[in-house]
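>>> Sharing a sequence plus its predicted fold:
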Amino acid sequence: MGPGSDWGDVGLELRREAHFGDRVVTCFADRPRTYHDMFMEAVRRYPDREALVCGSTRMTWRDVEYRSAALARGLLARGLGHGTRIALLLGNCVEFPLALLAAARIGAIVVPINIREQSPGVARAVRSSGASVIVHEAGLADLVPNDTDAPSLKWRVSREPVESSIAFADFVDEGDGPDIVEVNEEDTLLILYTSGTTGTPKGVEFPHLGVVHSAMHSAICAGLTCEDRSVIAIPLSFTGGVISAFSPLVRCAGTAILLPDFKAAAFLATAAEERMTHTLMVPTMYELCLRQPDSERLDLSQWRMGVFGAAPMPLATINRLAERWPTLRLANSYGATEAGGPAVFMRSEETVAHSDSVGRAFTCVSIAVMDESGRELPRGETGEIWIAGPTVASRFWNDPEGTSREYRGGWWRSGDMATMDPDGRIRLVDRKKDMINRGGLKISSTQVEDAIHEHPAVIECAVVGRPDEVLGERAHAFVRSNEPGFTAESLKEFLRPKLADYKLPDVIEVTREPLPRNVNGKILKRELRATLAYSQAKTM
């Protein structure tokens with residue numbers, strides 16, 4: 001599907017440009033050259049509008065510019081400039097965007113690390129990226145690697161004073177020294193590590209060019225303006241947090257309201273108090289909001305847009321959200337870290353009618369559905385999604401083999417199986433490895449999961465293939481529910497009219513515990529498969 005074919009009515013001129021050596025991509029002709037330029041447009045247009053809210057801290061765009069410039073001076077004064085990698089072991093706090101904007105100002109590279117990582121994972125990210133600085137939560141000082149585990153690390157900076165680290169307030173420079181370095185739009189701004197669903201996490205490089213385009217795409221499709229106030233409850237260390245949730249607010253000079261973590265009650269209370277208009281969350285978070293007692297008593301009449309991604313939203317949940325909050329419009333999005341964040345977006349007015357679709361490609365993004373030989377398939381046929389465009393990450397950090405394996409001529413091979421309808425809408429079928437082969441009959445785990453989600457007692461679920469000596473694989477469903485009386489048999493009876501007999505899960509395992517998820521909110525099916533393999537090994 002050609003770029004610009006579905007979102008070309010945005011009124012912005014498009015042109016093809018050569019980037020990263022051999023890539024030719026469609027770009028917005030009129031765009032900020034770098035992330036810093038995009039930020040400074042917001043500062044110049046709306047210096048006194050609220051930019052950041054976190055607890056009792058409130059900052060205008062002028063405040064953010066002043067403080068990020070002071071941090072940039074602090075970095076430069078210590079010889080940390082263009083190309084320096086800055087690791088952030090931070091939750092959702094004002095220091096995160098300040099560090100990001102300071103890095104963008106001087107051409108440094110930000111390496112976000114999820115605060116739920118343990119010591120080995122933190123050390124691996126710091127060591128792999130060659131970070132010279134780490135800014136961390138005071139309570140996570142024990143996770144900061146030592147000189148042996150991370151020899152590149154020269155500076156340890158804590159949000160609050162702790163032993164062995166410099167306090168953030170002491171690291172900034174309030175003087176009048178230089179605070180800006182020349183930056184090229186192809187320079188790397190972020191290194192984000194993949195969630196590792198298929199193995200060891202890979203460092204994905206995001207240039208300014210790509211992040212700026214992603215921010216513009218998301219702002220356009222969600223209709224964001226300077227009047228919008230978005231509660232960011234997903235971690236800023238995720239691709240969805242820093243690129244899909246925060247960066248569009250920089251583009252439109254909206255207000256980012258940071259929540260340190262997601263609790264449905266606190267999220268809804270904050271949304272009402274701060275007059276939230278927009279948010280981006282995974283479907284389970286919306287479901288938990290619906291289950292929050294007395295949520296209908298809160299004034300959420302300003303909530304006009306709810307974007308979701310990382311997993312499909314069950315139609316039953318979409319319908320209940322419409323009943324609970326009539327002003328709320330929902331829009332699906334699809335993408336991946338390697339694709340530079342979101343690549344596909346669903347128009348909110350189409351969400352209900354096309355709930356089985358994730359939408360259509362962004363203006364400057366190309367989507368192709370390819371067969372195993374690398375040939376594009378006709379509309380309606382199932383194949384692998386390939387994605388190209390300026391938002392697609394430039395490469396894997398220090399991994400030319402991985403780059404050549406997953407990228408071809410600027411196209412990223414997603415591993416997701418999908419179809420494309422005549423209007424360009426993408427319908428995900430499954431990940432290649434998540435298709436279950438039951439005696440030669442193919443079962444889409446996504447289709448079975450969608451049917452399970454229609455049961456009102458189900459909070460979340462995952463269906464995986466269980467090895468079987470006779471059939472090769474059988475479908476095994478993990479289902480989370482807290483409803484008394486909910487059983488595997490009652491769910492199976494609920495599913496019988498909805499699925500072909502061979503698609504009914506052979507085993508349904510009901511649990512009250514949350515299913516394992518990676519840092520991007522996706523259910524870790526490999527862990528569930530490992531659980532099955534272990535249980536089978538014990539019985540042999």
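It's in.

>>> Can you give the domain ranges for this protein?
Structural domains annotated on the chain: 8-426, 439-539, as defined by automatic domain parsing.

>>> most tightly surrounded among these?
Neighbour counts averaged per stretch over these are highest for domain 8-426, at a mean of 20; criterion: mean count of other C-beta atoms under 10 Å. Heads up, the C-betas are built off the backbone N, CA and C, glycines and all.

>>> Looking at that domain now, give me its mean pLDDT.
For domain 8-426, the mean pLDDT works out to 92.

>>> what bridges to the closest residue to residue 377 other than its chain neighbours?
With C-beta to C-beta, 6 or more residues apart in numbering as the criterion, residue 377 has its nearest non-adjacent residue at 4.4 Å, and that residue is residue 383. With beta bridges defined as DSSP bridges, residue 383 has these partners: residue 418.

>>> can I assume residue 383 is in contact with residue 373?
No. The pair residue 383 and residue 373 does not pass the contact test of C-beta atoms under 8 Å, sitting 10.1 Å apart.

>>> what about the nearest residue to residue 507 once chain neighbours are set aside, which helix or strand?
Using C-beta to C-beta, 6+ apart and skipping the chain neighbours, the partner closest in space to residue 507 is residue 476 (4.7 Å). Secondary-structure assignment from DSSP states H and E places residue 476 in strand 472-480.

>>> got it, and residue 39?
In this structure, residue 39 is located in helix 35-45 according to DSSP H and E.

>>> What lies in contact with that helix?
With contact meaning C-beta atoms under 8 Å, 6 or more residues apart in numbering, helix 35-45 is reached by 32, 51, 61-62, 64-65, 101, 104-105, 180, 183, 189, 208, 211-212, 215, 226, 247, 250-253.

>>> Tell me what angle the longest helix along the chain forms with helix 35-45.
Taking DSSP state H as the assignment, the helix of the chain that covers the most residues is helix 61-77. Interaxial angle, helix 61-77 versus helix 35-45 (axes from the mean of the first three to the mean of the last three C-alpha atoms, to 10 degrees): 140 degrees.

>>> Report the secondary structure state of residue 86.
For residue 86, the assignment made with DSSP: H, G, I helix; E, B strand; the rest coil gives strand.

>>> Can you pull the phi/psi pair for the closest residue to it other than its chain neighbours?
Distance criterion C-beta to C-beta, 6+ apart; nearest residue to residue 86, sequence neighbours excluded, is residue 133 at 4.7 Å. When quoted as degrees, to the nearest 10, the phi and psi of residue 133 stand at phi -130, psi 140.

>>> go on, the one 5 residues further on?
Reported as degrees, to the nearest 10, the phi and psi values for residue 138 are phi -60, psi -40.

>>> do you know how far it is from residue 513?
30 Å (C-beta to C-beta, to the nearest Å).

>>> Quick one: list the elements packing against the longest helix of the chain.
Helix 61-77 makes packing contacts with helix 35-45, strand 50-54, helix 95-106 when contacts are defined by 3 or more C-beta pairs under 8 Å, 6 or more residues apart in numbering; DSSP states H and E.

>>> and if we set it to 6 Å?
With contacts taken as 3 or more C-beta pairs under 6 Å, 6 or more residues apart in numbering; DSSP states H and E, helix 61-77 sits against helix 35-45, helix 95-106.

>>> Could I get those helices in TSV, plus columns for distance to residue 335?
Written out in TSV, the entries for the helices and strands packed on helix 61-77 read as follows (distance: least, C-beta to C-beta, whole Å):
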stretch	distance to residue 335
helix 35-45	18
helix 95-106	19
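
>>> what's the closest of these to residue 349?
Distances from residue 349 to each of the helices and strands packed on helix 61-77 were compared by C-beta to C-beta, and the smallest falls on helix 35-45, at 28.3 Å.

>>> CA-only coordinates of that closest one in CSV, if you can.
Listed next in CSV are the C-alpha coordinates belonging to helix 35-45 (Å, rounded to 0.1, in the frame of the first residue of the first chain):
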residue,chain,number,x,y,z
TYR,A,35,13.5,16.6,18.0
HIS,A,36,15.0,19.7,19.6
ASP,A,37,13.6,21.9,16.8
MET,A,38,10.2,20.3,17.3
PHE,A,39,10.4,21.1,21.1
MET,A,40,11.5,24.7,20.5
GLU,A,41,8.5,25.3,18.2
ALA,A,42,6.3,24.4,21.2
VAL,A,43,8.3,26.7,23.5
ARG,A,44,8.1,29.6,21.0
ARG,A,45,4.4,29.2,20.4
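
>>> Specify the angle between it and strand 50-54 in degrees.
Between the axis of helix 35-45 and that of strand 50-54 there is an angle of 110 degrees, by the same axes, to 10 degrees.

>>> For helix 35-45, what is the distance to the chain centroid?
23 Å (C-alpha atoms, centre = their mean, to the nearest Å).

>>> Hey, what's the angle from it to helix 95-106? Just curious.
In terms of direction (the same axes, to 10 degrees), helix 35-45 departs from helix 95-106 by 110 degrees.

>>> before we move on, the earlier item: for the residue nearest to residue 507, give me the pLDDT.
Residue 476 is assigned a pLDDT of 96 by the prediction.

>>> what residues are up against it?
With contact taken as C-beta atoms under 6 Å, 6 or more residues apart in numbering, residue 476 is in contact with 464, 466, 507.

>>> Could you do residue 110 as well?
86, 100, 103, 190.

>>> how close does the third one sit to residue 82?
Same thing as residue 103. Residue 103 is 10 Å from residue 82, where distance means C-beta to C-beta.

>>> So residue 426 sits against residue 358, correct?
Yes. With the criterion set as C-beta atoms under 6 Å, residue 426 and residue 358 qualify as a contacting pair; they are 5.3 Å apart.

>>> what touches both of those two?
Overlap of the contact sets of residue 426 and residue 358 (by C-beta under 6 Å, 6+ apart) consists of residue 344.

>>> Any idea which residue is closest to the centre of the protein?
Among the residues of the chain, the smallest C-alpha distance to the mean C-alpha position (C-alpha atoms, centre = their mean) belongs to residue 240, namely 2.4 Å.

>>> where's it relative to residue 280, distance?
On the measure of C-beta to C-beta, residue 240 and residue 280 end up 6 Å apart.

>>> what does residue 460 give?
Computed with C-beta to C-beta, the distance linking residue 460 and residue 280 is 18 Å.

>>> again with residue 109
Counting by C-beta to C-beta, the gap from residue 109 to residue 280 is 24 Å.

>>> for residue 402, same thing?
The gap separating residue 402 from residue 280 is 28 Å, by C-beta to C-beta.

>>> Same question for residue 204.
If you measure residue 204 against residue 280 using C-beta to C-beta, the figure is 19 Å.

>>> Ok, residue 449 next?
Between residue 449 and residue 280 the distance, using C-beta to C-beta, works out to 21 Å.

>>> Next: residue 66.
Using C-beta to C-beta, one gets 28 Å for the distance from residue 66 to residue 280.

>>> Secondary structure of residue 355: a helix, I assume?
No. Read with three-state DSSP, residue 355 is coil and lies in no helix.

>>> quick one: contacts for it?
Residues in contact with residue 355 (C-beta under 6 Å, 6+ apart) are residue 315.

>>> ok, now with 10 Å
By C-beta atoms under 10 Å, 6 or more residues apart in numbering, the contact list for residue 355 reads 312, 313, 314, 315, 316, 317, 318, 319, 330, 332, 346, 450.

>>> how far away is the fourth one from residue 445?
Taking C-beta to C-beta as the measure, residue 315 falls 18 Å from residue 445.

>>> Same check on the fifth one?
Look at residue 316 and residue 445: by C-beta to C-beta, they are 18 Å apart.

>>> Nothing else from me, thank you.
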